[in-house]
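[1] coords below, sequence missing:
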């Protein structure tokens, strides 16, 4: 599945030789650099758990997962800019503004977000009603109650008196919102009923919190080489780790994962065992 | 109609007090600063010429026109950034990164583009098929064959041996693409037939060229106060004005307008007289 996703990611953006070549090189640099592809995998596996077997339906789930990855890549380009986190390294490669320049980085991020909507609009095998619903979901996940709000809040974040509840709210925006899109669009594509969708919303909420906390822990304890990106970007920021310390953070992370797993079980998907194994693998760091 | 558009523009983005307030203040600063609203007016008047009278249909045309203005505002925020045109003044006000800061400017531009898609997705009075078609059009107009490509090319633009044909291609991307969206979405909303749509495509192509050339002429001959933005941003860039000179540029501008008017006539809209009067007013500068 990861191979199918890599190949689809390469197909959803123009080639490096398409004019304007520099824009497309930068897009491909950001989108195709080695990543876990967790959001696309999540979308596809949830869709499979909802009954999608293969053919055009599976194809649509793969493409929709890649849309989440495009938006994720766009958000990383912007987060790494000098006026934001000012990071040089991402996925073990120079960040896009370092490998190219700031204006190219900003325009390639904008182009990735823009194309994400275009790709959803062109999912011909999916009904227009469902396409519109997914486009609305994506806009919500990215917008003033999602990724962008999370990034604004993160930039304003200092260690002055934030509570854990406030940090959780921030982490839900920064990470949970795009997980929500991946999971909910999988539910739409596989035609799940309302109670399954409610359970999956709870699942992605806790999964987003777990992911962001894992990221914060990695930022603090790993070297650049281990994390494959610029670390220590969180110094001076309020994180659960900074407030509660390392041991309490690991306990909290395990609690998030337990809640996520319980919610996933309530969704009664056909591939629960595989999904559990994937989560276990993803959070293997907890056992180190 | 301009009043209806101003009021709708204010409604399609969150209020200044909605969290995160700074993001929404910046969005409103960029979107609601005094502008001609040419793209929304174009969308609405073309839709009226195609038979839309009022009620929910007119309402959808107004909102769709505002979507074009949201994307236009987003593109201006980015164009004005220090790493792009580095402009301090726009619509007689400080540019967004000056009034706020760079990261807020970049995120508010991204949020405006993102919300533009969300607004189209939520046009409940329009069929899902038509919404998907307009979303696809918008993504095309903004993307690698539209606004973003035009901005990339503009940043790489020097006065080294560009031909007028090459500059026209650039101007079509920078300005024509969003005019195409405004005009074509009006055609979709009013259910025009293929020959009308083809004529309108030709109309918006020539209108885009005329607009950009007028902008270049203003950049060269007006003061900041007259143009209500930072001028002389084109020095060192290849423009038709730089290559052909002022008199030839005015002649060319008139030729573009004649072609636009002829194409508009072929579209056989019911309000041709009013549309002609609007173009005449917009390009009144030609008579000075």
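    Right, received. Where do you want to start? Bear in mind that the values here come from a model prediction, so they are computed numbers and not experimental data.
[2] Where does the residue of the stretch 151-288 of chain A found nearest chain B fall, secondary structure wise?
    Among the residues of the stretch 151-288 of chain A, residue A:152 lies closest to chain B, at 4.3 Å counting by C-beta to the nearest C-beta. All C-beta spots, glycine's among them, are computed from the backbone N, C-alpha and C. Assigned by DSSP states H and E, residue A:152 falls within helix A:147-156.
[3] tell me what that helix is packed against?
    On a contact count with 3 or more C-beta pairs under 8 Å, 6 or more residues apart in numbering or on different chains; DSSP states H and E, helix A:147-156 meets helix A:55-79, helix A:164-171, helix A:177-189, helix B:21-32, helix B:102-121.
[4] The second one: which residues count as buried?
    It refers to helix A:164-171. By neighbour count on 16 or more other C-beta atoms under 10 Å in any protein chain shown, the buried set for helix A:164-171 is A:167, A:168, A:169, A:170, A:171.
[5] could the helices and strands packed on helix A:147-156 go into a markdown table alongside mean pLDDT and distance to residue B:147?
    Below are the helices and strands packed on helix A:147-156 laid out as a markdown table (pLDDT from 0 to 100; distance: least, C-beta to C-beta, whole Å):
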| stretch | mean pLDDT | distance to residue B:147 |
| --- | --- | --- |
| helix A:55-79 | 97 | 16 |
| helix A:164-171 | 89 | 32 |
| helix A:177-189 | 98 | 24 |
| helix B:21-32 | 97 | 15 |
| helix B:102-121 | 98 | 10 |
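[6] so can I have a markdown table of these showing distance to residue B:82?
    As requested, these are arranged in a markdown table below (distance: least, C-beta to C-beta, whole Å):
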| stretch | distance to residue B:82 |
| --- | --- |
| helix A:55-79 | 16 |
| helix A:164-171 | 28 |
| helix A:177-189 | 29 |
| helix B:21-32 | 16 |
| helix B:102-121 | 7 |
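[7] nearest to residue A:274, of those helices?
    Closest approach to residue A:274 among these is made by helix A:177-189 (14.1 Å; C-beta to C-beta).
[8] helices or strands next to that closest one in the packing?
    Using 3+ C-beta pairs under 8 Å, 6+ apart: helix A:177-189 touches helix A:38-49, helix A:55-79, helix A:128-142, helix A:147-156, helix A:194-221.
[9] can you list the ones you listed in JSON lines and add mean neighbour count?
    Output for the helices and strands packed on helix A:177-189, formatted as JSON lines (neighbours: other C-beta atoms under 10 Å in any protein chain shown):
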{"stretch": "helix A:38-49", "mean neighbour count": "25"}
{"stretch": "helix A:55-79", "mean neighbour count": "23"}
{"stretch": "helix A:128-142", "mean neighbour count": "22"}
{"stretch": "helix A:147-156", "mean neighbour count": "23"}
{"stretch": "helix A:194-221", "mean neighbour count": "20"}
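[10] Please name whichever of these is nearest to residue B:91.
    helix A:147-156 (23.2 Å).
[11] how much does the closest one deviate in direction from helix B:102-121?
    160 degrees (axes from the mean of the first three to the mean of the last three C-alpha atoms, to 10 degrees).
[12] residues of the lowest-mean-pLDDT helix or strand in chain A that come out buried?
    Within chain A, no helix or strand scores below helix A:224-227, which has a mean of 71 by mean pLDDT, DSSP states H and E. For helix A:224-227, the neighbour count (16+ other C-beta under 10 Å) marks residue A:227 as buried.
[13] name the helices or strands packed onto it?
    Helix A:224-227 packs on helix A:194-221, going by 3+ C-beta pairs under 8 Å, 6+ apart.
[14] quick one: contacts for residue A:191?
    By C-beta atoms under 8 Å, 6 or more residues apart in numbering or on different chains, the contact set of residue A:191 is A:50, A:51.
[15] so which helix or strand takes in it?
    Assigned by DSSP H and E, residue A:191 falls outside every helix and strand.
[16] That one and residue A:122, how far apart?
    In this view, residue A:191 and residue A:122 are 21 Å apart by C-beta to C-beta, to the nearest Å.
[17] Then residue A:94?
    Applying C-beta to C-beta, the value for residue A:94 to residue A:122 is 32 Å.
[18] again, but for residue A:14
    Residue A:14 is 14 Å from residue A:122, where distance means C-beta to C-beta.
[19] Could you check which of these two has the larger neighbour count?
    Just comparing residue A:14 and residue A:122: by other C-beta atoms under 10 Å in any protein chain shown the higher neighbour count belongs to residue A:14, 20 against 16.
[20] The more buried one reaches residue A:26, doesn't it?
    No. The criterion here is C-beta atoms under 8 Å, and residue A:14 misses it with residue A:26 at 11.4 Å.
[21] so what's the closest residue to residue A:130 other than its chain neighbours up against?
    Spatial nearest neighbour of residue A:130, excluding adjacent residues (C-beta to C-beta, 6 or more residues apart in numbering or on different chains): residue A:188 at 5.4 Å. Counting by C-beta under 8 Å, 6+ apart, residue A:188 makes contact with A:130, A:133, A:134, A:137.
[22] Format these as a markdown table; extra columns: pLDDT.
    Output for the contacts of residue A:188, formatted as a markdown table (pLDDT from 0 to 100):
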| residue | pLDDT |
| --- | --- |
| A:130 | 98 |
| A:133 | 98 |
| A:134 | 98 |
| A:137 | 98 |
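[23] now the helix holding residue A:152: mean pLDDT?
    Mean pLDDT, helix A:147-156: 92.
[24] and that helix with helix A:164-171, angle?
    130 degrees.
[25] contacts for helix A:147-156?
    Counting by C-beta under 8 Å, 6+ apart, residues outside helix A:147-156 touching it are A:71, A:75, A:78-79, A:84, A:141-143, A:170-175, A:177-178, A:237, B:19-20, B:22-23, B:103-104, B:107, B:110-111, B:114.
[26] Got phi/psi on the residue of chain A most remote from its centre?
    Going by C-alpha atoms, centre = their mean, the residue of chain A most distant from its centre is residue A:19, 28.6 Å out. Residue A:19 adopts backbone torsions of phi -70, psi 140, taken as degrees, to the nearest 10.
[27] Tell me the first helix or strand C-terminal of the host helix or strand of residue A:243.
    Using DSSP H and E, residue A:243 maps to helix A:240-244. Per DSSP H and E, helix A:240-244 leads on to helix A:246-266 as the next helix or strand towards the C-terminus.
[28] about what we covered before: I'd like the contacts of residue A:188 laid out as JSON lines, including distance to residue B:246.
    Compiled in JSON lines, these are given as follows (distance: C-beta to C-beta, whole Å):
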{"residue": "A:130", "distance to residue B:246": "54"}
{"residue": "A:133", "distance to residue B:246": "53"}
{"residue": "A:134", "distance to residue B:246": "51"}
{"residue": "A:137", "distance to residue B:246": "51"}
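[29] wait, which of the residues you listed is closest to residue B:273?
    residue A:133 (41.9 Å).
[30] Now do the same contact list for that closest one.
    A:188, B:121.
[31] And it, how far from residue A:127?
    Taken as C-beta to C-beta, the span from residue A:133 to residue A:127 is 9 Å.
[32] What of residue A:16?
    Applying C-beta to C-beta, the value for residue A:16 to residue A:127 is 34 Å.
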